[in-house]
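> pasting the structure only:
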């Protein structure tokens, strides 16, 4: 029998399936867990971590990246949309890192949803009490693959309707105009496949950026550290001898 744990990673919920052998090796009971976030400090420092460690980072590839879920053309669109959201170019390293991570999470999303639906009643009840009913319900019901697939199809259809060409063949101004029409600053309150995709993509891009080395630096994240005295309040700090 396979047990499943509810995990929290980078501000988003993730369900991981583990075999009995994995559980026995880890000597952990089934239940609700949060993984170590020490990887954030290591990512910020740019230090390699030994394979198999709890803070293991992805290693540089020796071969070109191949998307798991998105087709080649779709992945190029994903790169462009990620760059538009962050005001960068698709060639920027952090843009490629985020796009690769999004491809991975979308590829794994159906397994996550299946795992959420397979939680036993006691574990689901515990998850609801710990995380709240809405996050658990979203894990069970939200279909990231359909949202991504339908959203990209909408972009292509809208591009053909307005400009007579597919989205990835448009120039930067045209792409930006279409993307703006489904963004948070759009004029129409209409909800469609494009707006749903934008909402999901925006959430993923924010999560990806602020757990990257560049994003952590922007936040001023320093890892697990403490101050000897309260910053800005040193005059109130009393050192006990």
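Yep, that arrived. Only a predicted model underlies this, so the values are computations on that prediction, with no experimental measurement involved.

> which parts of this structure are helices?
Per DSSP state H, the chain carries helices over the ranges 20-26, 39-45, 72-86, 93-117, 121-131, 133-141, 144-163, 172-180, 193-209, 213-219.

> what about residue 204, neighbour count?
Using other CB atoms under 10 Å, the number of residues around residue 204 comes to 23. The C-beta positions use only the backbone N, C-alpha and C, and glycine is treated the same way.

> list the residues that contact the nearest residue to it once chain neighbours are set aside.
Sequence neighbours aside, residue 102 is the residue nearest to residue 204 in space, at 4.9 Å (criterion: CB to CB, 6 or more residues apart in numbering). Contacts of residue 102 were listed using CB atoms under 8 Å, 6 or more residues apart in numbering, and they are 78, 82, 201, 204, 205, 208.

> so which of those residues is the closest to residue 98?
Distance to residue 98 across the contacts of residue 102 (CB to CB) is lowest for residue 208, with 3.7 Å.

> hang on, that closest one packs against residue 104?
No - between residue 208 and residue 104 there is no contact under CB atoms under 8 Å: 10.2 Å.

> the two: which has the busier surroundings?
Using other CB under 10 Å as the criterion, residue 208 and residue 104 rank with residue 208 on top: 22 against 14.

> now the more buried one. Nearest residue, chain neighbours left out?
That would be residue 98: by CB to CB, 6+ apart, it lies 3.7 Å from residue 208.

> hmm, residue 175 is touching residue 84, no?
Yes - Residue 175 lies in contact with residue 84 (CB under 8 Å); the separation is 7.2 Å.

> before we move on, the earlier item: reformat the helices of the chain as CSV; add mean pLDDT.
Shown next, in CSV, are those (pLDDT from 0 to 100):
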stretch, mean pLDDT
helix 20-26, 45
helix 39-45, 58
helix 72-86, 94
helix 93-117, 90
helix 121-131, 86
helix 133-141, 90
helix 144-163, 95
helix 172-180, 91
helix 193-209, 93
helix 213-219, 83
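
> for these, give me JSON lines that also has distance to residue 62.
Formatted as JSON lines, those follow (distance: least, CB to CB, whole Å):
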{"stretch": "helix 20-26", "distance to residue 62": "28"}
{"stretch": "helix 39-45", "distance to residue 62": "21"}
{"stretch": "helix 72-86", "distance to residue 62": "19"}
{"stretch": "helix 93-117", "distance to residue 62": "15"}
{"stretch": "helix 121-131", "distance to residue 62": "39"}
{"stretch": "helix 133-141", "distance to residue 62": "35"}
{"stretch": "helix 144-163", "distance to residue 62": "28"}
{"stretch": "helix 172-180", "distance to residue 62": "32"}
{"stretch": "helix 193-209", "distance to residue 62": "23"}
{"stretch": "helix 213-219", "distance to residue 62": "21"}
